[in-house]
Structures are given as C-alpha cells and as structure tokens.
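Novice: Dropping the sequence and predicted coords here.
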Amino acid sequence: MHILPLLLLVAGSAAVAGAARRTPVPAPLLLVAAGLVLSYVPGVPAYELDPEVVLPLVLPPLLYTAATDSSYLDLRAQLRPVALLSVGYVLFATLVVGWAAYLIVPSLPLTAALVLGAVVAPPDAVAATAVARRVGLPSRITTILQGESLVNDATAITAYKVALAAAVGEGATWAGGVREFLLAAVGGVLVGLVLMIPIHWLRTHLKEALLQNTLSLLIPFVAYGIAEQLNASGVLAVVVVALYLGHRSWEVDFATRLQEEAVWKMVAFVLESAVFALIGLQLPVVLRGLGQYEGTSAAWYAVALFLVVVAARFVWVYPATFLPRLVSARIREREDNPTWKGPFIISWAGMRGVVSLAIAFSIPLTVHGGAAFPDRNLILFLTFTTVIGTLVVQGLTLPPLIRLLKLPGRDQQAETLAEANAQAQASRVAEQRLDELLNDERNALPPPLADRLRAVLERRRNAVWERLGAVNPVTGETVDDTYRRLSREMIGAEREVFVKLRDHRYIDDEMLRTLLRRLDLEEAAAYREAA
C-alpha cells in the first residue's frame, strides 16, 4: 500500500472515530458503516486487507494494550469461564459452524467448511474491548469477555492451521491437530514466561522515560516474533508478557507510566479506528471474486451462517455456565448463583472482527497438486458478512439489551468508599514516614515547607471522601469538582502571564517550555486528585 492511501485511512478513520464520540452509536459500528459507504465512492483507493500486515503488525500491539489494561487477579478469579470460552467455545464453534456450512452450501467440501468454521469462531479482541468499554458492562462480564478475547485468537489460529492442512491435502490428523495445538499453546506461554522477567528488569533499570517507552513499543512485536519463529503461539506470548508487566507496572517510575499511558492510548485509538474502517472497505474486494455465487444464493448462505454462529454461542455458554455448578459443590459454595441474564449478555457479545478477515485472506489460492482452493471466494464472502452481521446486529442492540435486562452495573458508591479507605491507610503510613524523616536533622525543612508536604498529603486523603459528599446546589458540582476547576483556572492565569512575558521577550522560549511543563504537571496532579 502506498503512503498516501495509508495516511488517508488513518486520518479518515480517526476523524470518524472522533465524531462517533458525539453520537450514541459505538465508534466501531460507525467506522464499519463509513468504510462500507466509502468503498464505492469514486476516487477512494482500493484497500485490500493483508494478513502479513494485520497479524504480525496490528494484532500484537492491540493485544498488548488490552492485556496491560486487564487485571491479572480478576482474570485468575474468572479462569474457568475464560478458559471455557477462549478454548472450549472456539473449538466447539469451529466444528459446529464448519459442519453447518458443509450442510448449507452444497459444493463446499467438509475440510474447507472446517476452515471457514475456524476462521469465524473467535470473537475479536478489538471488537469485544471497544464495545465493552462503551456500553459499560458489569465488571465480571467485562473481565470474562476481555479474558476470552485475549486468548481465543491463539486457539482459532491453531485450529485454522490444522483445518487448512487437511484441506490442502497435507494429511492432517486429529491426533496431529491436538499435538500442534498443545505445542503452540505451551510454547507461547513458555516464551512469554521466559521473556517477561528480563523485559521487566530492563524496564525498571532504564533511567530515561523516553528509552523505557521505546522499549514498551517494541515489546509486543518482540514477543510475538520470537514465539512465531519457534512455531509457538505469538498471541499467548504477548498476553503473558503484557499481563505480567501490567501487574508490576507500579515498579516503573512515574514519568514512564504517564508517558506510556498517553502513548498506548494513542496507538490503540489509531489502530482500532483504522482496523474497523478497513473491515468496511473490504466489501468490493470480497464481492469482486464471488463469481458463481452472485445473486440470492450467497445472501441466503450468509444469513444462515450468521444465525448458526449466533446460536452456537448460546448453545455453548449456558451449559458452560450452569453445568460446572451442578457437578461441583465447591463451585456452588465459592461462587454466587448466576442468573440467566449474565450468560445471555455474554452470548450476545460475540462480535467478530478483523482477525477473522485476516485469517480468511491468508487462505492460499491453491491446494496440493495446484488445484484451486475450493470455494475460497465464498469463504471470504461468508466471513465478511458474518463479521459485519455480528458487529452491526449485536453491536447496535447490545446497549439497549443491557438496559432492558437491567443488569446491575458497577457500584460506584462502594468503589469510591473502598478507594477512600485505601487512600486513608496509605496516607497514615505516609504521614508516619514523613514524621520519621523530619525528625532526622539531615532532612531539616523550614516549617512552611514541612506544612506544605502535610497539606498535600491531607488534600490527597480528603479528595476521595469529598466525592461522597453533597453537591453545590447552584453549580451541581461536588467539592472536589470545584477544587479541580479553581486549580485549573489559577494555573491557566499563570500560563497566560508566562506567554505574555515570552511575547515581550522578558523570557525566552526555552524558559517558557520549562515553566509550562511545571504547570502541566501541577495541572495533571490536580486533575488526577479529583478524577
């Protein structure tokens, strides 16, 4: 792809994603719709999704940022449902969807149908994370969906390789497929375990935030590339490393964390926006090769396969939720009894995305002996329609469905109370440490400066409690909101003075940048205390 079309894709998708924030429509859906419309606008470049770009260059950073934002402890607490979805469901969907496609499409061989089943089996990491953030799912459901989306690509890619080997005539067997799956999974985890400690050590020993963030940008590609070179799962390697680094991120200095958060937010925003726009832009490419299936038959196949994909998830999720409770008294004692609503939302939240399309585009043109791969173009079309169908139908209906079912959301009052108690405990320890330090003559400070340290500590301790207080009857603000607004107004006034002094040549630009950075850090601190 030339540089200008690439820049247009990034800039256009970012603009649409930014506009989506002002609408009730989730950004992924608006981006897909925009891509579909623009794909037929004269003059718009032809964008063909390249699996050699998406899988090694787009998937690792998206997995990395999703995994570092996830909670290792929460994922460990939900290990059983995550494993049942990310491994069990993907394999189940591969077989069920593949067999259904074999029955629905008369000319489709069973081996090629299983390839299609593996392609559309995994809900996409990008789609699940992007939509879950927007709709505000309950924390347990969000954890399960995020955990599933972090691992299921590895299962699907391995299942695809096994099905593809059978389809192209390489004599794949079930035993060989199981062996390949275990080797890829264990190998990916081992690569992640080997890499995570030295990478973390390097992150904590690099002294410059710029170098640390450069390393941060390289980590997902290094983990993915090494694992794939060893025929292991690059997806699992990235996830293992990212979960460890996210769990130990407190050991990295504050400057790196601030910079890293901004950098990865930008990277995730750009990649997610471009990926969803790219999905819609594939329509001409997919239709161009449909050939003999043009007309109503292909549309009926697409509708039937979409219904099978949606139904298969319900068929798996409900037994996977309730059967373990029936057979295990320990699970019944340890976990709350689930209602039917949570599994329903998990079943309905199975949006597919760019990974399915990338895998489909990687299907070879020919099989063993040089013959054309059976119905490759139809597989591409059915993958595309399944991705679009799940994103549009399930993505649009998920928010109202959550409201209709009245699922209990996050308890903001309880979370704020827990935050306040944690801050109070930390502040007490910090105050004791400050008293110890000030009693040492080597740390002698004038009383105003010592009082300033105590005032900052007191402000931090009270900030969270103030969020639980009453609001201003005139402005509707909490005390904390007012504090933040006044702090930013004061800092804004200082900033204007510094700029005027620079404009009148009392200070130079270098000094202005130094003063502005100091104000920026103070403003960030005031904002974070109130956030």
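Specialist: Cool, the structure landed.
Novice: Got the phi and psi for residue 339?
Specialist: The phi/psi pair for residue 339 (degrees, to the nearest 10) reads phi -90, psi 180.
Novice: and it, how many neighbours?
Specialist: 11 (other CB atoms under 10 Å). No exception for glycine: its C-beta is placed from N, CA and C like everyone else's.
Novice: Report the secondary structure state of residue 364.
Specialist: Classification of residue 364 by DSSP: H, G, I helix; E, B strand; the rest coil places it in coil.
Novice: Now the residue lying closest to residue 308 once chain neighbours are set aside: which helix or strand?
Specialist: Among residues not flanking residue 308 along the chain, residue 100 sits closest, at 4.4 Å (CB to CB, 6 or more residues apart in numbering). Residue 100 is part of helix 90-104, with elements assigned from DSSP states H and E.
Novice: if we can go back for a sec, isn't the residue nearest to residue 308 up against residue 306?
Specialist: No: contact criterion CB atoms under 8 Å: residue 100 and residue 306 do not qualify, at 11.0 Å.
Novice: if we can go back for a sec, quick one: residues contacting the residue nearest to residue 308.
Specialist: Going by CB atoms under 8 Å, 6 or more residues apart in numbering, residue 100 touches 304-305, 308.
Novice: tell me the centre residue of the chain?
Specialist: residue 66 (3.7 Å; CA atoms, centre = their mean).
Novice: So which bits of the helix or strand where it lies are buried?
Specialist: For residue 66, the element it lies in under DSSP H and E is helix 59-69. For helix 59-69, a neighbour-count test (16 or more other CB atoms under 10 Å) marks 59-69 as buried.
Novice: again, but for stretch 182-194
Specialist: So, applying 16+ other CB under 10 Å, buried residues of stretch 182-194: 184-185, 187-192, 194.
Novice: residues near residue 296, how many?
Specialist: Residue 296 has 8 nearby residues by other CB under 10 Å.
Novice: And residue 463, what's its pLDDT?
Specialist: With respect to pLDDT, residue 463 has a value of 68.
Novice: try residue 527
Specialist: Confidence score, pLDDT, at residue 527: 63.
Novice: So which residues of the stretch 1-150 of the chain form helices?
Specialist: For the stretch 1-150 of the chain, helices defined by DSSP state H, counting those that start in this stretch occupy the ranges 3-20, 27-38, 51-53, 59-69, 72-77, 79-83, 90-104, 110-120, 125-135, 139-167.
Novice: so which of those helices gets nearest residue 326?
Specialist: Nearest to residue 326, of all the helices of the stretch 1-150 of the chain, is helix 79-83, at 13.8 Å by CB to CB.
Novice: re the thing from before, right, and the residue nearest to the centre of the chain touches residue 151 too?
Specialist: No: with contact defined as CB under 8 Å, residue 66 does not reach residue 151; the gap is 11.1 Å.
Novice: Lowest average confidence across helices and strands of this protein, where is it?
Specialist: The weakest-scoring helix or strand in the chain, judged by mean pLDDT, DSSP states H and E, is helix 125-135 (a mean of 61).
Novice: And stretch 222-229, how far out from the chain middle?
Specialist: 20 Å (CA atoms, centre = their mean, to the nearest Å).
Novice: Going by neighbour count, list what's buried in that stretch.
Specialist: 222-228.
Novice: out of those residues, which are inside helices?
Specialist: Using DSSP state H to define helices, the subset of those located there is 222-228.
Novice: which stretch in the helices of the stretch 1-150 of the chain has the least confidence?
Specialist: helix 125-135 (a mean of 61).
Novice: Let me see the backbone angles for residue 375.
Specialist: Dihedral angles (degrees, to the nearest 10) for residue 375: phi 60, psi 40.
Novice: same question, residue 478
Specialist: Per degrees, to the nearest 10, the backbone of residue 478 is at phi -80, psi 170.
Novice: going forward, begin numbering at 20 instead of 1
Specialist: Got it, first residue is 20 now, which makes that one residue 497.
Novice: does it have beta-bridge partners, and which?
Specialist: Judged by DSSP bridges, the bridge partners of residue 497 are residue 490.
Novice: where does it land on pLDDT?
Specialist: The predicted local confidence for residue 497 is 71.
Novice: how near is it to residue 418?
Specialist: Per CB to CB, to the nearest Å, residue 497 is found 27 Å from residue 418.
Novice: got CSV for the ones in helices among the buried residues of stretch 241-248, with pLDDT and distance to residue 390 too?
Specialist: Putting those into CSV (pLDDT from 0 to 100; distance: CB to CB, whole Å) gives the following:
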residue, pLDDT, distance to residue 390
241, 96, 39
242, 97, 38
243, 96, 33
244, 95, 33
245, 96, 36
246, 95, 33
247, 93, 28
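Novice: Next, the angle helix 158-186 makes with the helix holding residue 85.
Specialist: 150 degrees (axes from the mean of the first three to the mean of the last three CA atoms, to 10 degrees).
Novice: and helix 78-88, how far from the chain's centre?
Specialist: For helix 78-88, the distance to the chain centre is 6 Å (CA atoms, centre = their mean).
Novice: do the same with stretch 131-140
Specialist: With CA atoms, centre = their mean, you get 24 Å for stretch 131-140.
Novice: Could I get the CA-only coordinates of it as PDB?
Specialist: C-alpha atoms of stretch 131-140 as PDB (Å, rounded to 0.1, in the frame of the first residue of the first chain):
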ATOM      1  CA  ALA A 131     -13.000 -26.300   3.500                       C
ATOM      2  CA  ALA A 132     -16.100 -25.900   5.700                       C
ATOM      3  CA  LEU A 133     -14.000 -26.600   8.800                       C
ATOM      4  CA  VAL A 134     -11.500 -23.900   7.600                       C
ATOM      5  CA  LEU A 135     -14.400 -21.500   7.500                       C
ATOM      6  CA  GLY A 136     -15.500 -22.600  11.000                       C
ATOM      7  CA  ALA A 137     -12.100 -21.900  12.400                       C
ATOM      8  CA  VAL A 138     -12.000 -18.500  10.700                       C
ATOM      9  CA  VAL A 139     -15.300 -17.200  12.100                       C
ATOM     10  CA  ALA A 140     -15.000 -19.000  15.500                       C
END
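Novice: who touches that stretch?
Specialist: 108-110, 112-118, 120-121, 124, 127, 171, 174-175, 178-179, 181-183, 185-186, 324, 328, 371, 375, 378-379, 382, 392-394, 398, 401-402, 405-406.
Novice: Leaving out sequence neighbours, find the closest residue to residue 367.
Specialist: residue 413 (5.6 Å).
Novice: from memory that neighbour sits against residue 366, does it?
Specialist: No: if you go by CB under 8 Å, residue 413 and residue 366 don't touch, sitting 9.6 Å apart.
Novice: How much space separates residue 445 from residue 543?
Specialist: From residue 445 to residue 543 the distance is 20 Å (CB to CB).
Novice: next one: residue 318
Specialist: Counting by CB to CB - residue 318 and residue 543 are separated by 53 Å.
Novice: For residue 171, the count of nearby residues, please.
Specialist: Burial of residue 171 is recorded as 26 neighbouring residues (other CB under 10 Å).
Novice: pLDDT score for residue 444?
Specialist: pLDDT, residue 444: 77.
Novice: Quickly find the element holding it.
Specialist: Per DSSP H and E: helix 431-457 holds residue 444.
Novice: That helix relative to helix 158-186, how many degrees between them?
Specialist: Comparing the axes of helix 431-457 and helix 158-186 via the same axes, to 10 degrees yields an angle of 100 degrees.
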